[in-house]
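> Pasted the sequence and its predicted model underneath.
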Amino acid sequence: MLKKQLNITYEEYNSDNELPLQLQNLVQQARKISEQAYAPYSRFRVGAAVLLSDNTVVLGNNQENASYPEGLCAERVAVFAAMANHAETNIKAIAICSNPMDFETNVPLSPCGACRQVLAEYEHKSNQHITILLCSLKGHIILINSVKDMLPFHFSAENLSE
Ligand code: THU
């Protein structure tokens, strides 16, 4: 038996203006688009802003459905739209912000496992790290440098063949 340990590094910020300008803008766009989320069932709105390698920004927010499981998280709405429309680019960064309708929080949003897996796919495909910014409305931000740090032991194309 061999015991091993994984360490992850992340950065914490208390407000947007501690970030480089391009990432400040991304966070602000994620916050803004969260206001247009369609979340009548959970009342938990989420916004996501994807920064591409050509500096295009693609936005998304969560889209819910009366048949609950058919809804989709903000991250996947934004990432799939980005990759559908800009297939020749890579994802450089994504900012994700929760905007609950019924309470206030300074706790940055933690993406669900399915969205981490989707991000892992594009990081793997491009072989370029994706910076992930987890944001609250109030300004507390966590910056993670790679999807690998959020989803160790993830399933990838490499697992599909010998
Ligand atoms: N949600 C997201 O959009 N992203 C996440 O990372 C977590 C959860 C959405 C899904 C659902 O519409 C609502 O938040 C409550 O779970």
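Good, I have the coordinates. Numbers count the residues shown, from 1 in each chain.

> Now do stretch 153-162: everything it contacts.
116-117, 120-121, 124-125, 147-148 (Cβ atoms under 8 Å, 6 or more residues apart in numbering). For the C-beta atoms, the positions are set from N, CA and C on the backbone; glycine is no exception.

> Show me which positions of that stretch end up buried.
His154 (16 or more other Cβ atoms under 10 Å).

> Okay, now that stretch: how far is its last residue from its first?
17 Å (Cα to Cα, to the nearest Å).

> One more: stretch 86-103?
Stretch 86-103 has an end-to-end distance of 36 Å (Cα to Cα).

> List the buried residues in it.
86, 89-100.

> Okay, the nearest residue to Gln128 once chain neighbours are set aside and Thr131: tell me how far apart.
Nearest residue to Gln128, sequence neighbours excluded (Cβ to Cβ, 6 or more residues apart in numbering): Asn90, at 5.1 Å. For Asn90, the distance to Thr131 equals 12 Å [Cβ to Cβ, to the nearest Å].

> What of Gln22?
On the measure of Cβ to Cβ, Gln22 and Thr131 end up 10 Å apart.

> higher neighbour count, the two?
Thr131 (18 against 12; other Cβ atoms under 10 Å).

> State the phi and psi torsions of the more buried one.
phi -80, psi 130 (degrees, to the nearest 10).

> OK, contacts around it?
23, 92-94, 143-146.
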